[in-house]
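Asker: Provided below are the primary sequence and the corresponding predicted coordinates.
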Amino acid sequence: MGLTEKVVGTWHVVLWSNNFFITVLSDLDVQIDKLGANQPLADQKTLYEWLRDPPDLRCPQLTVLSPDNSTKFEFAYTVEPGTKAKSIINTWQTHPDGTIKWILTPQLSAHICPTIVEAELVVLRQIDSFPQCDNIIVLLRGDLSPVRVDAVRDYLESTRSSLSMNGLLRTQCDVM
């Protein structure tokens, strides 16, 4: 089974780097709100967007629809307070070198590289971040117990895959 086949399906996002959360995901949350309100997406952030607190994202899930080189994905989560459900559907492009262009909105994308791909675990690194490959996203399916999530985080930290200044944050979800 190739890389693209292994990532097809629904995954729980259980860990992400702090910098990925406060940059990419905070921007995504603002842009989903703008798209929902039928407002244009600007090339630059407003002062409010720069200064606002990051959202309290809960139960994030990523669904990749097919193993095609260009397929659709859905990224869904809820936001506290009020558990407002949000999601975005857009394009997931797998390049010949195995990297993936994750197009979140017309103004926001992340170039990622799968570094660990197993049947129930995928670790993605953001290539277009600074420093390069410092941002990590961990996807799990199957056993979502805190013990398993901690074991993955401990392994990544022991291999110095996660720097202390950009630590791995556990996502929150009552069902995990």
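Answerer: On my side now, so go ahead.
Asker: could you measure from the residue nearest to Asp43 when sequence neighbours are not counted over to Asp68?
Answerer: Distances taken as C-beta to C-beta, 6 or more residues apart in numbering place Gln107 nearest to Asp43, at 6.7 Å, with adjacent residues excluded. The way it works is simple: take the backbone N, C-alpha and C, and place the C-beta from them, glycine included. Going from Gln107 to Asp68 by C-beta to C-beta, to the nearest Å gives 24 Å.
Asker: sorry, back to before: ok, the residue nearest to Asp43 to Ile137 distance?
Answerer: 20 Å.
Asker: of the two, who's got more company?
Answerer: Between Gln107 and Ile137, Ile137 has the larger neighbour count (other C-beta atoms under 10 Å), namely 26 against 15.
Asker: C-terminal to the longest helix along the chain, what's the next element?
Answerer: Longest helix of the chain, by residue count under DSSP state H: helix 146-158. Beyond helix 146-158 on the C-terminal side, the first helix or strand identified by DSSP states H and E is strand 168-170.
Asker: how about that next one: buried residues?
Answerer: If you call a residue buried by 16 or more other C-beta atoms under 10 Å, then strand 168-170 has these buried ones: Leu168, Leu169.
Asker: pLDDT below threshold where in the protein?
Answerer: The chain contains residues with pLDDT under 70 at 1-3, 81-82, 160-164, 175-176.
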